[in-house]
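**Student:** Need a 3D model of the following:
(chains A and B)
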Amino acid sequence: MYTILHAIIGYLFLLLIVRVLSRRPGAQMTPFEFVIIFLIGGVIILATMGNDRSETNSVCAVIAIGMMHRLVSSLKARFPVFGRIVDGTPLVVLKDGEWQTEIMENMRLQDMDVMAAARAKGVKSLAGMKYAILERNGAISVIKKQQ
Amino acid sequence: MASPAPTKPVEDSIAKVNDEVAVGSDLEFQRKWWRFTRVVWIVLTGIVIADLLGCFGRGPLANARARTSDGTMNVKYERIERFSTPSILRIQFGPTAIHDGKIQLWVSETVINSLGNQRVIPQPLTSTVGQNGVLYTFAVTTIPAEVAFSLEPSAPGIYHLQLRVPASEELKRTIYVMP
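**Tutor:** Just a heads-up that it's a prediction; the model follows:
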């Protein structure tokens, strides 16, 4: 019983923590983000499994986490507000060649993060971008200026 | 013949930026979320500080001492324990507890069941079950004599610890076991 409860609490707590950590861990995996992902995952698994390392316990924990994931996915699809809470909304960080400083500061984004995404799109400088959008999955989409 | 898969016409329902890029941004919601995260971080900081102080066990506020007024027992315990986490309950006995080179100690059954007694050090000469607890008899080789119980709580909850040396004052304490 405790495994199921721990798995559900662990899932919800991890979802909250990853969500309030802002969106950076989702896509741009620098060593800084790797530390967070591995350490939090390792700590949660200890509490979920406890001293019981049986197959029954691990199967029950996996099923409970799978069910939580399916429930959250269903709620996201059914209630758009819930989807915004879990995944957030896309945010325009650069519009018409101007940084949206409120978003940049609150999302703890640096111009270098945006430039990394721009280079992947073949944009050579910030001046070549019209829009940069921080997506819900943490990736940054870049739309080039028309030549 | 298989029925056709259901379809729905495309609607341009995603909010656009400058009327040209469909992004679906919701800055008002995001501002509320940022306010919410600030509150969450304050709460999380409070939790970490409370944990450092021992409010959830394993810290200065969790460690406690108790003694009977007649000096028979001096007990060191953790008033806040954690589920399935080992801890030690130490009982030091005064000279009035020793009779014929032996000490008798009655412990409530919560120590055995809920608080999950794993081991008693030193090994008792006898242990008798009864009166909602267990009566142990220990041989005394050194003074002050000390007995330690290795605990590992089996379930979260609030439990009452009761200890008694026969014909002496009973010591009652409450122990909180965190999940």
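
**Student:** Helix or strand next in line after the helix or strand harbouring residue B:46, which one?
**Tutor:** Assigned by DSSP states H and E, residue B:46 belongs to helix B:27-53. Following helix B:27-53 in sequence order, the next helix or strand is strand B:63-67 (DSSP H and E).

**Student:** Close to chain B: what parts of chain A are there?
**Tutor:** A:16, A:20, A:22, A:50-51, A:84-85, A:88-92, A:95-96, A:103, A:106, A:131, A:133, A:143 (Cβ under 8 Å from any Cβ of the partner chain). To be clear about C-beta, it is placed using only N, CA and C from the backbone, and glycine gets the same treatment.

**Student:** try 7 Å
**Tutor:** A:20, A:50-51, A:84, A:88-92, A:95, A:106, A:131, A:133, A:143 (Cβ under 7 Å from any Cβ of the partner chain).

**Student:** Which among the residues you listed count as buried?
**Tutor:** Applying 16 or more other Cβ atoms under 10 Å in any protein chain shown to the residues of chain A next to chain B, the neighbour count classes A:20, A:84, A:88, A:89, A:90, A:91, A:92, A:95, A:106, A:131, A:133, A:143 as buried.

**Student:** export these to JSON lines and tack on pLDDT and secondary structure?
**Tutor:** As requested, those are arranged in JSON lines below (pLDDT from 0 to 100; DSSP: H, G, I helix; E, B strand; the rest coil):
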{"residue": "A:20", "pLDDT": "89", "secondary structure": "helix"}
{"residue": "A:84", "pLDDT": "91", "secondary structure": "helix"}
{"residue": "A:88", "pLDDT": "90", "secondary structure": "coil"}
{"residue": "A:89", "pLDDT": "90", "secondary structure": "coil"}
{"residue": "A:90", "pLDDT": "93", "secondary structure": "coil"}
{"residue": "A:91", "pLDDT": "93", "secondary structure": "strand"}
{"residue": "A:92", "pLDDT": "94", "secondary structure": "strand"}
{"residue": "A:95", "pLDDT": "92", "secondary structure": "strand"}
{"residue": "A:106", "pLDDT": "92", "secondary structure": "helix"}
{"residue": "A:131", "pLDDT": "92", "secondary structure": "strand"}
{"residue": "A:133", "pLDDT": "93", "secondary structure": "strand"}
{"residue": "A:143", "pLDDT": "91", "secondary structure": "strand"}
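
**Student:** what domains does the record give for chain A?
**Tutor:** A:2-87, A:91-144 (automatic domain parsing).

**Student:** tally of neighbours for residue B:24?
**Tutor:** Residues near residue B:24, counting by other Cβ atoms under 10 Å in any protein chain shown, number 15.

**Student:** Likewise for the one 10 residues further on?
**Tutor:** Using other Cβ under 10 Å as the criterion, residue B:34 is surrounded by 16 other residues.

**Student:** May I have the residues that are in contact with it?
**Tutor:** By Cβ atoms under 7 Å, 6 or more residues apart in numbering or on different chains, the contact set of residue B:34 is residue A:106.

**Student:** Show me which positions of the longest helix along chain A end up buried.
**Tutor:** When chain A is parsed with DSSP state H, its longest helix is helix A:55-78. Of the residues in helix A:55-78, A:57, A:60, A:61, A:64, A:65, A:68, A:72, A:76 count as buried by neighbour count, 16+ other Cβ under 10 Å.

**Student:** Alpha carbons only: can I get it in PDB?
**Tutor:** What follows is helix A:55-78, C-alpha atoms only, in PDB (Å, rounded to 0.1, in the frame of the first residue of the first chain):
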ATOM      1  CA  GLU A  55       9.400  -7.600  -8.100                       C
ATOM      2  CA  THR A  56       5.900  -7.100  -6.700                       C
ATOM      3  CA  ASN A  57       6.800  -3.700  -5.200                       C
ATOM      4  CA  SER A  58       8.600  -2.400  -8.300                       C
ATOM      5  CA  VAL A  59       5.700  -3.600 -10.600                       C
ATOM      6  CA  CYS A  60       3.100  -1.900  -8.400                       C
ATOM      7  CA  ALA A  61       5.200   1.300  -8.400                       C
ATOM      8  CA  VAL A  62       5.600   1.300 -12.200                       C
ATOM      9  CA  ILE A  63       1.800   0.700 -12.600                       C
ATOM     10  CA  ALA A  64       0.900   3.500 -10.200                       C
ATOM     11  CA  ILE A  65       3.200   6.000 -11.900                       C
ATOM     12  CA  GLY A  66       1.900   4.900 -15.400                       C
ATOM     13  CA  MET A  67      -1.700   5.400 -14.200                       C
ATOM     14  CA  MET A  68      -0.900   8.800 -12.800                       C
ATOM     15  CA  HIS A  69       0.700   9.800 -16.100                       C
ATOM     16  CA  ARG A  70      -2.400   8.600 -18.000                       C
ATOM     17  CA  LEU A  71      -4.700  10.400 -15.600                       C
ATOM     18  CA  VAL A  72      -2.700  13.700 -16.000                       C
ATOM     19  CA  SER A  73      -2.700  13.300 -19.800                       C
ATOM     20  CA  SER A  74      -6.500  12.800 -19.900                       C
ATOM     21  CA  LEU A  75      -7.100  15.800 -17.600                       C
ATOM     22  CA  LYS A  76      -4.800  17.900 -19.800                       C
ATOM     23  CA  ALA A  77      -6.700  16.900 -22.900                       C
ATOM     24  CA  ARG A  78     -10.100  17.500 -21.300                       C
END
